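> What shape does this take:
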Amino acid sequence: MNPVAIIARKEFQAAFRNRLFITITILFLALSILSVYIGSTTKRAEVRVYNETVASLTAQGVTALPLPPEIHTLTILSNLTEYVSIVGAILAVVLGYNALIEEKESGGLKLILSRPVYRDRLLTGKLLGNAAVIGVLLGLVFVFNLGLLVVVGGIWPTAGEVLRLFSFVLLAWAYMLIFLTLSLLLSIRLNNSATVFLVSLVVWMLLSFVLPQMAEAMMANSTVINSISGATNRIPQDTVASQTLNYLSPTWHLRHIGGQLLEVAPGSLLLSSGALLGQWLTTLLVLLAPSLVFTAAGYASFLRNETLTLE
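Down below sits the predicted model:
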């Protein structure tokens with residue numbers, strides 16, 4: 001068997017023996033159950049209130065009845081975006097963190113490299129194995145959430161809705177790959193496991209929370225006066241600085257396209273298939289770019305690292 005495939009299979013098997021990884025995965029799936037339950041319960045409550053209101057108005061002889069509430073299936077899964085951006089990113093960090101650092105600290109990596117194993121093949125196998133773990137995990141989330149929609153929500157999604165959810169899952173894989181390659185790069189450059197984990201989490205917090213909050217603070221607020229009620233509203237508007245900061249945040253890109261695909265953002269259902277596909281492809285390229293940079297830097301550093309040679 002190809003050495004890369006052997007290493008990738010080993011990494012894949014090792015991930016599902018890692019207690020921390022299993023714990024976070026179970027948490028991820030449990031949050032999915034809770035999300036679908038809360039979302040479906042909320043939608044049923046809206047329908048019940050509407051039916052009760054219509055029955056009451058009809059009994060009073062009112063003919064101008066309110067429009068029924070719009071029920072969009074995928075909005076029930078809208079919290080999936082937040083779970084991926086938080087729990088999914090941490091899972092990716094754990095995978096990248098475990099890929100090399102333990103073998104470096106124990107001296108096992110030097111022993112492996114003293115055998116006829118090329119460094120690029122070793123790193124490729126570890127990267128592919130862990131990327132496959134993320135893919136399998138998100139595949140389970142995809143199937144799991146579709147099943148929950150039917151079992152818990154009592155909703156059969158259409159083919160278009162299934163495609164939207166699958167498209168989001170592909171982008172979630174690209175998003176998690178950023179933090180996998182980042183933590184793998186740090187495990188190559190640094191020698192202390194605690195430092196690798198801490199720096200990975202700090203970078204994740206910076207990209208996921210600090211940058212979007214800074215962008216929000218830099219937004220300009222326009223004052224709008226309602227001509228009928230006279231009420232004054234302040235509407236935030238993007239500035240060049242806020243748009244730039246948001247563009248630097250992978251989490252912002254995931255949330256933005258997630259709102260379109262999961263039918264949460266206003267006007268998302270009015271987008272044409274071509275416009276939505278264009279946004280999806282742009283987001284995919286933006287999310288893949290950091291992973292390519294981190295991967296290239298990781299290969300360059302790993303191949304030139306002379307400290308990994310047995311004396």
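
> From the contact counts, what lies against whichever strand or helix holds G39?
G39 belongs to helix 19-59 when assigned by DSSP states H and E. Helix 19-59 is packed against helix 80-83, helix 89-106, helix 119-151, with contacts defined by 3 or more Cβ pairs under 8 Å, 6 or more residues apart in numbering; DSSP states H and E. In short, each C-beta sits where N, CA and C put it, glycine included.

> Now with 10 Å, please.
helix 3-15, helix 80-83, helix 89-106, helix 119-151 (3 or more Cβ pairs under 10 Å, 6 or more residues apart in numbering; DSSP states H and E).

> quick one: the helix or strand following the last one to helix 119-151, angle?
With elements assigned by DSSP H and E, the helix or strand that comes after helix 119-151 is helix 159-189. On the basis of axes from the mean of the first three to the mean of the last three Cα atoms, to 10 degrees, helix 159-189 is oriented at 150 degrees to helix 119-151.

> which residues sit in contact with G135?
For G135, the contacting residues are 169-170, 173, 176-177, by Cβ atoms under 10 Å, 6 or more residues apart in numbering.

> And for E105?
Residues near E105 by Cβ under 10 Å, 6+ apart: 187, 191-193.

> 8 Å instead?
191-193 (Cβ atoms under 8 Å, 6 or more residues apart in numbering).

> Tell me where the stretch 201-311 of the chain has helices.
Assignment of helices within the stretch 201-311 of the chain using DSSP state H, counting those that start in this stretch yields the ranges 211-217, 240-247, 250-261, 273-304.

> Out of the ones you listed, which is closest to G160?
Each of those has some distance to G160 by Cβ to Cβ; the shortest is helix 273-304, at 9.1 Å.

> how many other residues sit next to the closest residue to L185 other than its chain neighbours?
Of all residues not flanking L185 in the chain, G298 sits nearest, at 4.2 Å (Cβ to Cβ, 6 or more residues apart in numbering). G298 is flanked by 23 other residues according to other Cβ atoms under 10 Å.

> got it, and the one 3 residues further on?
The local packing of S301 (other Cβ under 10 Å) involves 13 other residues.

> Surely it touches L190?
No. Applying Cβ atoms under 8 Å as the test, S301 and L190 come out as separate, 10.5 Å apart.

> where in the stretch 51-200 of the chain is pLDDT low?
69-71, 109-110, 113-117, 153 (pLDDT under 70).

> Between helix 119-151 and the helix holding G39, find me the angle.
Going by the same axes, to 10 degrees, helix 19-59 makes 30 degrees with helix 119-151.

> and the angle for helix 19-59 with helix 3-15?
Helix 19-59 runs at 70 degrees relative to helix 3-15, counting by the same axes, to 10 degrees.

> In contact with the residue nearest to A8 when sequence neighbours are not counted, which residues?
Distances taken as Cβ to Cβ, 6+ apart put G129 closest to A8, at 3.6 Å, once the chain neighbours are dropped. Applying Cβ under 8 Å, 6+ apart to G129 gives the contacts 7-12, 15.
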